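>>> mind folding the following:
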Amino acid sequence: NAQQVRSVRELTGRARAYAEAEIRPQVTGLIQSRLFTEGQPVEAGEALYQIDPAEYRAEVQSANASLRGARATAAAARETAERFEHLAEINAVSRQDYDDAVAAAEQAEAQIGIAQAALSRAEIDLDRTTVRSPISGRIGRSNVTPGALVTANQADTLARVLQLDPIYVDLTTSSADLLRWRQDVSSGRIRSTGEETISVNIELENGVEYGESGTLGFSEVNVDEAAGTVIIRATVPNPDGILLPGMFITASFSAGSYE
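Residues are numbered from 1 along each chain as shown. Predicted coordinates:
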């Protein structure tokens, strides 16, 4: 049998965050407190900032009062309509008066729905005074301090959260090399592994081999037309947070074997 020799490729690239969330307020107000330590892990849903909730709590109380008033008005309107129904049957009130009472009752019921919607909006705004992390990851430097005025959906971020486990490694190669490898596979010169993902060994920028193996997906290829290069993305476990975004990485993998 002919001896098979592994077709090993070595590429270089940079580590990239698996996911990134820019933290922005959804309501306007003064920052009361920062609830996290810069550079530390945070969980999805964890409170990061507290915006002064006094105004929004008052809005909830006002909306609650409006809802109670709408319910009381609707109850009185229903009673009037029911009473007018009996009176109309014995011609004690006109049919028009009865129809007006029914219409008033229906309008009062509609006001309950409007008041409920206003209460829901007020409760949502009150809840948003606690700014939470949408993802789990590591949070960076805070761009605001307590006492700062923030506005809803402002352009400036309060902080950024990066998900670093797993982490992406974007490897760069020339489009010509990628094309050559694919031609070698299609011609049979290289026998492909036949797998959609390929195991990748990682070497850190100081020359030390990283202890975790990643996976390379050849379907995740982006072409830079100006530079004539392609970026192939690997996904690498990063449980200890050793790999950080921007780190220079060398990756080696077997794309198949020569017959």
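
>>> and the longest helix for the chain?
Taking DSSP state H as the assignment, the helix of the chain that covers the most residues is helix 54-89.

>>> please name every helix or strand in contact with it.
Counting contacts by 3 or more CB pairs under 8 Å, 6 or more residues apart in numbering; DSSP states H and E, the secondary-structure elements packed against helix 54-89 are helix 95-127. Where you see a C-beta, it was placed from the backbone N, CA and C, and this is true even at glycine.

>>> try it again at 10 Å.
Identification of packing neighbours for helix 54-89 by 3 or more CB pairs under 10 Å, 6 or more residues apart in numbering; DSSP states H and E yields strand 29-34, helix 95-127.

>>> mean pLDDT for these: which is lowest?
Between these, the lowest average pLDDT goes to helix 95-127, which shows a mean of 94.

>>> just the buried residues of it, please?
For helix 95-127, a neighbour-count test (16 or more other CB atoms under 10 Å) marks 98, 101-102, 104-105, 108-109, 111-112, 115, 118-119, 122, 125-126 as buried.

>>> low-confidence stretches in this protein?
With pLDDT under 70 as the threshold, the chain has low-confidence stretches at 1-8, 178, 182-197, 217-225, 227, 255-259.

>>> tell me the centre residue of it?
Centrality entry for the chain: nearest residue to the mean C-alpha point is residue 134, 5.3 Å, by CA atoms, centre = their mean.

>>> distance of it relative to residue 21?
With distances taken as CB to CB, to the nearest Å, residue 134 is found 5 Å from residue 21.

>>> anything in contact with each of the two?
44, 161 (CB atoms under 10 Å, 6 or more residues apart in numbering).

>>> strands of the stretch 101-250 of the chain, residue ranges please.
Using DSSP state E, counting those that start in this stretch, the strands of the stretch 101-250 of the chain run over 130-132, 137-139, 149-150, 159-163, 167-174, 190-192, 197-203, 214-224, 229-236, 248-258.
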